[in-house]
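A.B. asks: Okay, here's the prediction I keep looking at, along with the sequence it came from:
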Amino acid sequence: QFQCEIDKQRDQIANITCLSHPISIDYAGDSIKVSFSQQNVHLDRDIILDLILTENPTSCMALAIESHALMTSFIPNKTDFGTQHDVNNEFIFIVDCSGSMMDENKMGLGIL
C-alpha cells in the first residue's frame, strides 16, 4: 500500500494530482496524506505525483533522514529568465533509487 505524507509547506500546495494511479488526498492539520483510492493497485509503472503550488510559493528543502525522503522546491523568479519570451520555464527533477537504470545503456537513455 502506497502512502505519502507531506508534513511541511502545506500552505504552499494548492492541489495534488496523479495521472498514473487513482489517489485519495486527506488534508489533516498541517500535513497532507496521499494514498491509493483503490485496493490492489498494480505497480507496473511509476507513481507520479504532480504538486500544484499556490500563486506565490517560496523555495524550500526538507530532508527526513529516518524515512529516507527528500523534498525540494526551486522557484525561479523573473530575473532568472530575463523576458517572458523564454521557451522553457519548467524544471523536472527525477530521482531513481530503484536500481533499474544501472545498465549503462539505460543511463544514456535517462540523460535524454
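C.D. replies: In hand now; what should we look at?

A.B. asks: make it CA atoms for all contacts and neighbour counts henceforth
C.D. replies: Noted.

A.B. asks: can you tell me how far Asp46 sits from Ser31?
C.D. replies: 23 Å (C-alpha to C-alpha, to the nearest Å).

A.B. asks: between the two, which one's more packed in?
C.D. replies: The neighbour comparison of Asp46 against Ser31 (other C-alpha atoms under 10 Å) goes to Ser31, with 15 against 8.

A.B. asks: I'd say the more buried one and Ile6 touch.
C.D. replies: Yes: using C-alpha atoms under 8 Å, Ser31 is in contact with Ile6, at 5.4 Å.

A.B. asks: residues contacting Gln39?
C.D. replies: By C-alpha atoms under 8 Å, 6 or more residues apart in numbering, no residues touch Gln39.

A.B. asks: swap that for Ala14, please
C.D. replies: Listed by C-alpha under 8 Å, 6+ apart, the contact set of Ala14 reads Leu51, Ile52, Leu53, Thr54.

A.B. asks: where does this structure dip in pLDDT?
C.D. replies: 1, 7-10, 57-112 (pLDDT under 70).

A.B. asks: quick one: Leu43 and Phe2, what's the gap?
C.D. replies: 10 Å.
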